[in-house]
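Asks: Everything below, folded, please.
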Amino acid sequence: MSADAKALAKRLYEDAFGGDLSVIDEIMTSDPVDHTPLPGLPPGREGYRQTISVIRAGFPDMKMNIEEVIAGDDRIVARWTARGTHKGDFLGVPASGKSFEIGGISILTTAGGKISGDWTQWDSLGLMTQIGAIPAAATA
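Replies: Here you go, the predicted structure:
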């Protein structure tokens, strides 16, 4: 599963999040569950498409790099880094033109060689601070 897991993670993070939404239908089951969705988006494949569209609207030059993949049975753990520039509205925050770099870790479940669900933790506070939506904490 290791080579297949790495290929599946690459297709999701580098291809789908890179803007190729057709990949969603190829790599996900018919009813994947996003356990950490953006607010107000529908479930399933359509929710994933809309999530990626919302993110890419705010950060059209965003690139995701997979730093590490660990796989076993029906689970894939991917540690990734995302970089880009805030060039459009993102969750109500107008474009700032500022660059960002954040990390995240996703646990993907699989069924039949496709992604059936995920839990993702990403540095949302770091992102919002870097694009100027939240003031940076003062240092003592």
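
Asks: ok now the strand ranked longest in the chain, how far from the chain's centre?
Replies: Longest among the strand segments of the chain by residue count, using DSSP state E, is strand 99-111. Taking Cα atoms, centre = their mean, to the nearest Å, one finds strand 99-111 lying 6 Å from the centre of the chain it belongs to.

Asks: Show me what it is packed against.
Replies: helix 2-10, strand 75-85, strand 114-122, helix 124-130 (3 or more Cβ pairs under 8 Å, 6 or more residues apart in numbering; DSSP states H and E). Quick note: C-beta positions are derived from backbone N, CA and C, even for glycine.

Asks: which other residues reach the worst-scoring helix or strand of the chain on mean pLDDT?
Replies: In the chain, no helix or strand scores lower on mean pLDDT, DSSP states H and E than helix 2-10, which sits at a mean of 88. Residues outside helix 2-10 that contact it (Cβ atoms under 8 Å, 6 or more residues apart in numbering) are 27, 66, 69, 71, 76, 78, 108, 110, 113-115.

Asks: Go again with 6 Å.
Replies: Here helix 2-10 makes contact (Cβ atoms under 6 Å, 6 or more residues apart in numbering) with 27, 66, 69, 71, 76, 78.

Asks: how near is the residue nearest to the last one when sequence neighbours are not counted to G58?
Replies: It stands for A78. Residue nearest to A78 in three dimensions, not counting chain neighbours: A9, with 4.4 Å by Cβ to Cβ, 6 or more residues apart in numbering. Relative to G58, A9 is positioned 23 Å away (Cβ to Cβ, to the nearest Å).

Asks: longest helix of this structure?
Replies: For the chain, the helix with the greatest residue count under DSSP state H is helix 44-58.

Asks: quick one: the helix or strand just after that helix to strand 99-111, angle?
Replies: For helix 44-58, the succeeding helix or strand toward the C-terminus, using DSSP states H and E, is strand 63-72. Going by axes from the mean of the first three to the mean of the last three Cα atoms, to 10 degrees, strand 63-72 is angled at 30 degrees with respect to strand 99-111.

Asks: ok, back up a step: tabulate the helices and strands packed on strand 99-111 (a markdown table), appending mean neighbour count.
Replies: Listed next are the helices and strands packed on strand 99-111 as a markdown table, based on neighbours: other Cβ atoms under 10 Å:
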| stretch | mean neighbour count |
| --- | --- |
| helix 2-10 | 16 |
| strand 75-85 | 18 |
| strand 114-122 | 16 |
| helix 124-130 | 16 |
